[in-house]
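A.B. asks: After the sequence you'll find the predicted model.
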Amino acid sequence: MIRLEEIVNAFKTKIYATVASVALASLIACGALVPYALASEASTKVNAALSNTQVNITAPLKVDITVKPDGTFLAPDSTTLQIINNSPYNAHVKGIVVNASNNFKIVEQTEFDASTAKEALWMSISPNGSAPIQISTLRKDPILTTPGIWNLAPAGEIQSKINLGFSGAIKNDTLLLADTPTELYTLTWTFAAGSAK
């Protein structure tokens, strides 16, 4: 079982098993009045910014993986595992961090066949069918190297959802039990307002 968490970036608040729902708010700051010389006019700059404290995004709380006899993973269909933007403005996945659970060892897919470690596993995430991202790299660099693929359109639009495809395998296992889910690792998601370039 893989538990996914949501972090609202501004407060660094971890939210487990529930999804925070907050209304849209904009921060509007007015600049100082700048009078023109020898004129009866003044200009006021009005700025607007999105607030990360108001991001409203849902993510799967868990992913149940079936392990085949050869050790490969059978994950649920990606359309059932979605990150959904419920905010009325653009948002994006800013970063993902992975932490292995129960002594499982996360390795690169290219190192998997040669690995002799117990509970060795590799796994990848494919957002919206794009090139798979090895979760082993997320232990080293939680900032996404291809941020554009993690952008979310405003709620209700076609691109307001990201389908998550998972694939992988495990070997030298002594921990998994039949019909009893065992936690492999935890993904911690960080979301932010606006689109990543």
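C.D. replies: Arrived safely.

A.B. asks: alpha carbons only for contacts and neighbour counts from here, please
C.D. replies: Will do.

A.B. asks: Over stretch 171-188, what's the mean pLDDT, rounded is fine.
C.D. replies: Averaging pLDDT along stretch 171-188 gives 86.

A.B. asks: heads up, I number from 668, so please use that
C.D. replies: Sure, I'll start counting at 668 from here, so that last one is stretch 838-855.

A.B. asks: mind listing what's buried in that stretch?
C.D. replies: Across stretch 838-855, burial judged by 16 or more other Cα atoms under 10 Å covers 838, 849-855.

A.B. asks: and the end-to-end length of it?
C.D. replies: 25 Å (Cα to Cα, to the nearest Å).

A.B. asks: So which of the buried residues of stretch 838-855 belong to helices?
C.D. replies: Of those, none are assigned to helices by DSSP state H.

A.B. asks: And the helices in this structure?
C.D. replies: 776-779, 802-805.

A.B. asks: who touches the first one?
C.D. replies: What that stands for is helix 776-779. In this structure, residues lying in contact with helix 776-779 by Cα atoms under 8 Å, 6 or more residues apart in numbering are 787-790, 801.

A.B. asks: Output the residues you listed in a markdown table; the columns should cover distance to residue 754, pLDDT and neighbour count.
C.D. replies: Below are the contacts of helix 776-779 laid out as a markdown table (distance: Cα to Cα, whole Å; pLDDT from 0 to 100; neighbours: other Cα atoms under 10 Å):
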| residue | distance to residue 754 | pLDDT | neighbour count |
| --- | --- | --- | --- |
| 787 | 39 | 93 | 21 |
| 788 | 35 | 92 | 27 |
| 789 | 33 | 94 | 22 |
| 790 | 30 | 93 | 20 |
| 801 | 28 | 90 | 20 |
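
A.B. asks: among those residues, which are in strands?
C.D. replies: Among the contacts of helix 776-779, the members found in strands (DSSP state E) are 787-790, 801.

A.B. asks: Need the residues you listed in JSON lines (columns: distance to residue 742).
C.D. replies: Shown next, in JSON lines, are the ones in strands among the contacts of helix 776-779 (distance: Cα to Cα, whole Å):
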{"residue": "787", "distance to residue 742": "18"}
{"residue": "788", "distance to residue 742": "14"}
{"residue": "789", "distance to residue 742": "13"}
{"residue": "790", "distance to residue 742": "11"}
{"residue": "801", "distance to residue 742": "15"}
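
A.B. asks: Out of those, flag the one nearest to residue 816.
C.D. replies: residue 801 (14.9 Å; Cα to Cα).

A.B. asks: and the residue nearest to that closest one when sequence neighbours are not counted, bridged to which residues?
C.D. replies: Once flanking residues are discounted, residue 801 sits nearest to residue 791: 4.3 Å by Cα to Cα, 6 or more residues apart in numbering. Beta bridges link residue 791 to residue 801, residue 834, judged by DSSP bridges.

A.B. asks: Fine by me, we can end here.
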